[in-house]
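Undergrad: Take a look and give me a structure for this.
(chains A and B)
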Number of protein chains: 2
Amino acid sequence: LLSDKQCDSLDVVLVSPRNPLNIGAAARAMANFGFRHLAVVAPFAPTWHEARSAVGASEILQDAKEFAALGQAVAPSTLVVGTGTLTYRKPEQRVVTLPELPSLVAHEMERGGRVAMVFGPEKHGLTREDLSYCQLLVEIPTDARQPSMNLGQAVAVCLYELATHASGTGSCPATPAPHPAVPSGRLDLLAEVIEEAMQAAGYSPRTMQSANRHDLRLLLRRLALTEHDSRRVLGIFRRILWRLKKQRKTPQF
Amino acid sequence: LLSDKQCDSLDVVLVSPRNPLNIGAAARAMANFGFRHLAVVAPFAPTWHEARSAVGASEILQDAKEFAALGQAVAPSTLVVGTGTLTYRKPEQRVVTLPELPSLVAHEMERGGRVAMVFGPEKHGLTREDLSYCQLLVEIPTDARQPSMNLGQAVAVCLYELATHASGTGSCPATPAPHPAVPSGRLDLLAEVIEEAMQAAGYSPRTMQSANRHDLRLLLRRLALTEHDSRRVLGIFRRILWRLKKQRKTPQF
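TA: Sure, this is the predicted structure:
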């Protein structure tokens, strides 16, 4: 299994879970494989209350953090991994199968990053908006006749794969990755400033703003910016924005 | 994933499950990974009825076979694999971790064998008696602080590992294993005849019979007899038994 330090750098994020038994099952699987950090996004209040107050509810449930939006839950994460079946959608991100995930997660942990495993609601899974926060989608290989897994079982299978196969990579220090990764929250800040600059520059009509925001979020996650890059880009756009706003105030002769 | 033919040569066996939701979850995981054959041993009747009549109960549940004893459920199997945590017991069989299991199962399927994955009741797992029918115990690597997995999640994790890692071995025909394996039921028949012979020969006092039966069952599963071997040994002991009984009837002068 992974070391306690490795387990501490992984968050399990449940988006709008509906069934208290599934929340409990997810927490139990986390305990089985040594993970401790659970975040719940916009839970259905009675469900969340029931899961937390269940007899024998674990420390993991007691300590779980609640967030209103996925962006907040994954703000500290440098690698956000979405889960689910891709039968009904065409993803815009890189897709890997679950057996391919451990080496990517191990690499992220080695460079001091923080990983979020994001699971969608039971009925329909993660939305396109949810997925736009993910650098990577992972697909559990399932039978085409019954591709959709139960939430608690999907969490168990993913954590089992990471716990048993992401550890042995310490012997391969060939890729030290000197640049720390950029947390999701920093990318959100960057996206905000860029968007403001785009608007100030009159980049596109108001009706396109939502689509632009979506594409920008995906773009920033594809770029693999370092911490240093992200600060520089932020500085550039802040300067541009300042200039654009100043121009607007100055009457044009 | 495995081919339909490979999936058809694997049985999932639940021993005395208590929670209908767990039975449903096991069946769902089977469908997710392409397996179809479910056997239930000595189920708690209301539980089994509830699981089978649940809304959306799958074909797998409808077609599941019910047995009074584990020996009957695994009678056609040539490789019987017990599951569970070994924290509280000292196993008498070979133990492998789950990531080591796929190659063993693939090998058994290649030689035309039939595999049973046996899961115990939620509370205490498989008994020593149950385990005596198993050639092999598999341990899911879990955190020592919370080693015990939920039944439905344990089934999902085991089937995931087999489905994703037991397939790729077709490229390695170095071990054709010309001898078909011996089904568990044949070993039971052999054990019965040998036991009868032991008793007829006055091998040990009556108080030792139960312990002898247990040891004999384990011994026969360790021997890796071929089908041909088992027939020969059965023949030998049947002859011995016949002779012993005849002797007894003949008054000794």
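
Undergrad: Any stretches of the stretch 101-250 of chain A with poor pLDDT?
TA: A:168-180, A:248-250 (pLDDT under 70).

Undergrad: for it, what spans make up the helices?
TA: A:101-110, A:128-131, A:151-165, A:184-200, A:209-222, A:227-249 (DSSP state H, counting those that start in this stretch).

Undergrad: Of those, which is nearest B:Leu126?
TA: Of all the helices of the stretch 101-250 of chain A, helix A:151-165 sits nearest to B:Leu126, with 19.7 Å by C-beta to C-beta. (C-beta placed from N, C-alpha, C; glycine too.)

Undergrad: just checking, what packs against the closest one?
TA: Judged by 3 or more C-beta pairs under 8 Å, 6 or more residues apart in numbering or on different chains; DSSP states H and E, helix A:151-165 is in contact with strand A:10-15, helix A:20-32, helix A:101-110, strand A:115-119, helix B:20-32, helix B:151-165.

Undergrad: try 6 Å
TA: On a contact count with 3 or more C-beta pairs under 6 Å, 6 or more residues apart in numbering or on different chains; DSSP states H and E, helix A:151-165 meets helix A:20-32, helix A:101-110, helix B:151-165.

Undergrad: Serialize these to JSON lines and add fields for mean neighbour count and distance to B:Lys65.
TA: JSON lines is the format used below for the helices and strands packed on helix A:151-165 (neighbours: other C-beta atoms under 10 Å in any protein chain shown; distance: least, C-beta to C-beta, whole Å):
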{"stretch": "helix A:20-32", "mean neighbour count": "24", "distance to B:Lys65": "27"}
{"stretch": "helix A:101-110", "mean neighbour count": "20", "distance to B:Lys65": "36"}
{"stretch": "helix B:151-165", "mean neighbour count": "26", "distance to B:Lys65": "17"}
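
Undergrad: Contact residues of the stretch 1-150 of chain A facing chain B?
TA: A:1, A:25, A:28-29, A:31-32, A:34, A:99, A:141-143, A:146, A:149-150 (C-beta under 6 Å from any C-beta of the partner chain).

Undergrad: Give me every residue in the stretch 151-253 of chain A lying close to chain B.
TA: Counting by C-beta under 6 Å from any C-beta, the residues of the stretch 151-253 of chain A near chain B are A:153, A:156-157, A:160, A:164.

Undergrad: Those: which two are farthest apart?
TA: Most distant of these, by C-beta to C-beta, are A:Gln153 and A:Thr164, 16.3 Å apart.

Undergrad: which of the residues in stretch A:124-141 are buried?
TA: A:125-126, A:130-141 (16 or more other C-beta atoms under 10 Å in any protein chain shown).

Undergrad: how long is that stretch end to end?
TA: 18 Å (C-alpha to C-alpha, to the nearest Å).

Undergrad: which residues does A:Gln247 contact?
TA: With C-beta atoms under 6 Å, 6 or more residues apart in numbering or on different chains as the criterion, no residue contacts A:Gln247.

Undergrad: returning to what we had before: so which of the helices and strands packed on helix A:151-165 gets nearest A:Ser53?
TA: Per C-beta to C-beta, nearest to A:Ser53 of the helices and strands packed on helix A:151-165: helix A:20-32, 9.3 Å.

Undergrad: Contacts for that closest one, please.
TA: A:12, A:17, A:47, A:50-51, A:54, A:58, A:60-61, A:151-152, A:155-156, A:159, B:142, B:146, B:149-150, B:153.

Undergrad: let's go with 8 Å and repeat that
TA: Residues outside helix A:20-32 that contact it (C-beta atoms under 8 Å, 6 or more residues apart in numbering or on different chains): A:12, A:14, A:17, A:36, A:38, A:40, A:43, A:47-48, A:50-51, A:54, A:57-58, A:60-61, A:64, A:119, A:122, A:150-153, A:155-156, A:159-160, B:21, B:140, B:142-143, B:145-150, B:152-153.

Undergrad: Run the angle between that helix and strand A:10-15 for me.
TA: Helix A:20-32 runs at 170 degrees relative to strand A:10-15, counting by axes from the mean of the first three to the mean of the last three C-alpha atoms, to 10 degrees.

Undergrad: after helix A:20-32, next one along is what?
TA: strand A:37-41 (DSSP states H and E).

Undergrad: That following strand pairs with which strands?
TA: With DSSP bridges as the test, strand A:37-41 is paired with strand A:10-15 (parallel), strand A:65-67 (parallel).

Undergrad: Quick check: buried residues in the last one?
TA: Think strand A:65-67. In strand A:65-67, counting by 16+ other C-beta under 10 Å, buried: A:Phe67.

Undergrad: following that strand, which helix or strand shows up next?
TA: Counting by DSSP H and E, what follows strand A:65-67 is helix A:70-73.

Undergrad: Would you mind listing the outside residues contacting that next one?
TA: With contact meaning C-beta under 8 Å, 6+ apart, helix A:70-73 is reached by A:11, A:13, A:15, A:39, A:41, A:65, A:67, A:116, A:118, A:130, A:133, A:184-185, A:188.

Undergrad: If any of those are buried, put those into a PyMOL selection.
TA: Entered in PyMOL, the line below selects the buried ones among the contacts of helix A:70-73, by 16+ other C-beta under 10 Å:
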select buried, chain A and resi 11+13+15+39+41+67+116+118+130+133+184+188
